[in-house]
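Peer 1: need a structure here:
(chains A and B)
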Amino acid sequence: MKLTTRKKAMALAGVLTLLVGAPVFGHHSFAPFDMNASMTLKGVVKDYQWTNPHVWIQVMVKGDSGPAVEWSIEATSPAGLNKKGWKPKSLKAGDSVVIEAHPLRDGRRGASLISATLPDGTVLKN
Amino acid sequence: MTTHFSWNPLLQVRLTRLLRCALFTVPVIFLQAGCTKEQPASAKAGVNSAGRVEQFANLPDWSGVWHLVGSPQLLEREDAPTFVPGIRNNPPYNEEWEAQYTKDLVNAEHQGDPNYPDQITDTHTLYCAAGMPHVMAGPWDYQFIASPEATTIIVDKESRYIPTDGRALPPEDDMWPIIRGWSTGHWEGQTLVVETINVKQGLWGDFTPVKFSDKAKYVERIRSIDDKTIENQVTITDPVALTKPWTWTKRYARRAAGTWPSEPEVCGNPEDRNPIVDGKLQVVLPGDR
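Peer 2: The predicted structure follows:
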C-alpha cells in the first residue's frame, strides 16, 4: 500500500474532477473516507458484490511480510457503475486487480473506489 | 323512347355485394351509436376521448429518460467543482440563516471525521431520499410523465405528483411538511408552472447544507428549450430564511432513445453496508459482522 502526499492527492482529486466532470454519488455522502488522500492496493479479488445500494470489492492484499489481509472497497451503485462500463461479471474471485481508492478516515481496512485495473489491463472508474 | 341497359356481369356482382354490405353495416353503426349514448364512458375502458387526445396533443413531448446537465454539486451553478473546501451557494439569507449556513459548511466538511465533535450528516443520506429542491438538481435519471390531468416526475426512487386539473391544495389540516412538499401545477402554453409548499424544514438543498424553512414556497417553470433539453427555473421565497426571492435554473438532457431508467438505489436492506446509527453513517466491514 502506498499513501501519496496530501498535495498530490488533492491535485489528483482536482484532475479527476476535471476529467469526470461530475462526481459519483451514491445514496450517501463520502464522509467516512478521506477524499484528500489516495492509495494503491495490489491484490487478489476475494469477492465481488454486485449489490444495491453499493457495489463492494473484497480484495486480499499481501504486504511486505505476513499473510494477506482483506480490504473492503466500496463503489457506487450497480446502475452508476454500469454507466461507467462495469458489468456484473467484470470481476470474479481469484482475479488480480490494482485498486486506486480513498482510505477510511478511521484507519480500518476500507476505502472508496477511484478506479480498478482489471486482469486484462482495462481500467474502470467509479 | 326506350332505353336498353346491358349489364356487365362483373359489375352486377360487385353492386350486389355492396348492397348486401350496406344492409348489414348501416344498422350496426346506428346500433353502436345508440349503445354509446346509453352506456357510461367506462364501457370504453382504455380509450381516450377525442377531447383528451387533443389535450395530450398540446402537451410537450417529454418522453424518454433525462439526466441533469453539468455538476449536481450546487443549486445555483452547473459547473460547480466537487470536494473543494469552501464551495457554497449564495442564497439571499438573512443574517441568522447565513450564519447557520456558514457554520454548517464547516461542520459538513468534517463529516465522518471521528475526531471532529460537531460533524453533521447530509439529509439525503439520512432519509435515503433528496426531497425538494435537491430532488430536481441531482445526478439521477429523470422521467417527466405529462398528462392533461397531472404530471408525475420520477427521480431515482422518488416521485412528485403535480396535479394540473385545477384542484386546490388539500385543506391546511390535511397537509403537513413532507420532504417532497405538496405541489399543484398549471400550464402556461407549453410551460408547466408548479407551486410547492410545506416542504420539511432542514433538508439540504444540494450536496451542501443549504436549507430553507417549512414556510418556503417553490415556483418552478419547466419547459422544453429544444428537443433534447428541458429547463427548470426555480424561484424560492422564504419569509423565514431569505430577504428576497432566490432564483436558479437547472437543465436536463434527453438520454439516447431506448435508454432504460437506472435501477433506483435502495437503503436499509440486508445488503446495505452503510447503516445510519445515531444519525451518523457507518461503514460495515466483514470483520464487524
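
Peer 1: What is the neighbour count of B:Gly189?
Peer 2: Here the count is done by other CB atoms under 10 Å in any protein chain shown, and B:Gly189 has 9 residues near it. In this view, the C-beta of every residue, glycine as well, is placed from N, C-alpha and C.

Peer 1: Please apply the same query to B:Ser49.
Peer 2: By other CB under 10 Å, the residues close to B:Ser49 number 10.

Peer 1: Tell me the pLDDT of it.
Peer 2: We have a pLDDT of 94 for B:Ser49.

Peer 1: How about B:Lys44?
Peer 2: For B:Lys44, the model assigns a pLDDT of 76.

Peer 1: So residue 98, which state does it fall into?
Peer 2: Picking chain A for this. In three-state terms, and counting by DSSP: H, G, I helix; E, B strand; the rest coil, A:Val98 is strand.

Peer 1: meant chain B actually
Peer 2: Secondary structure, three-state DSSP: B:Glu98 is helix.

Peer 1: who's in contact with B:Ile230?
Peer 2: Remark: with contacts taken as CB atoms under 8 Å, 6 or more residues apart in numbering or on different chains, B:Ile230 is in contact with B:Trp62, B:Trp66, B:Phe144, B:Ile222, B:Arg223, B:Ser224, B:Arg251, B:Tyr252, B:Arg254.

Peer 1: The longest strand seen in chain A pairs with which strands, and in what direction?
Peer 2: Taking DSSP state E as the criterion, chain A has its longest strand at strand A:39-49. Next to strand A:39-49 in the sheet, as set by DSSP bridges, lie strand A:2-3 (antiparallel), strand A:56-61 (antiparallel), strand A:96-103 (antiparallel).

Peer 1: Ranked by average pLDDT, which of those strands falls at the bottom?
Peer 2: Comparing mean pLDDT over the strands paired with strand A:39-49, the weakest stretch is strand A:2-3, at a mean of 48.

Peer 1: which residue does chain A bring closest to chain B?
Peer 2: Going by CB to the nearest CB, chain B is nearest to A:Ala31 of chain A, at 3.1 Å.

Peer 1: Around that residue, count how many other residues there are.
Peer 2: 22.

Peer 1: who's in contact with stretch A:54-72?
Peer 2: Under CB under 8 Å, 6+ apart, the answer for stretch A:54-72 is A:1, A:26-27, A:41-49, A:73-78, A:81, A:86, A:91, A:97, A:99, A:109-111, A:113, A:116, B:272-274, B:283, B:285-287.

Peer 1: Break down the stretch 151-289 of chain B into its strands, ranges please.
Peer 2: Under the criterion DSSP state E, counting those that start in this stretch, strands of the stretch 151-289 of chain B are mapped to B:158-163, B:182-188, B:191-197, B:217-226, B:229-237, B:246-254, B:276-277, B:280-281.

Peer 1: and the contacts of stretch A:54-72, which are buried?
Peer 2: Buried subset of the contacts of stretch A:54-72 (neighbour count, 16 or more other CB atoms under 10 Å in any protein chain shown): A:1, A:26-27, A:41, A:43, A:45-46, A:48-49, A:73-78, A:81, A:86, A:91, A:97, A:99, A:109-111, A:113, A:116, B:272-274, B:283, B:285.

Peer 1: Among those residues, name the ones in helices.
Peer 2: A:Pro78, A:Leu81 (DSSP state H).

Peer 1: So what pairs up with B:Leu192 in the strands?
Peer 2: B:Leu192 forms beta bridges with B:Trp187, B:Ile222, as assigned by DSSP bridges.

Peer 1: Contacts only, for it.
Peer 2: Neighbour list for B:Leu192: B:Ala146, B:Thr151, B:Ile162, B:Thr164, B:Gly185, B:His186, B:Glu220, B:Arg221, B:Ile222, B:Arg223 [criterion: CB under 8 Å, 6+ apart].

Peer 1: could you redo the last one with a cut-off of 10 Å?
Peer 2: Counting by CB atoms under 10 Å, 6 or more residues apart in numbering or on different chains, B:Leu192 touches B:59-60, B:62, B:144, B:146, B:151, B:153, B:162, B:164, B:185-186, B:220-223, B:230, B:232.
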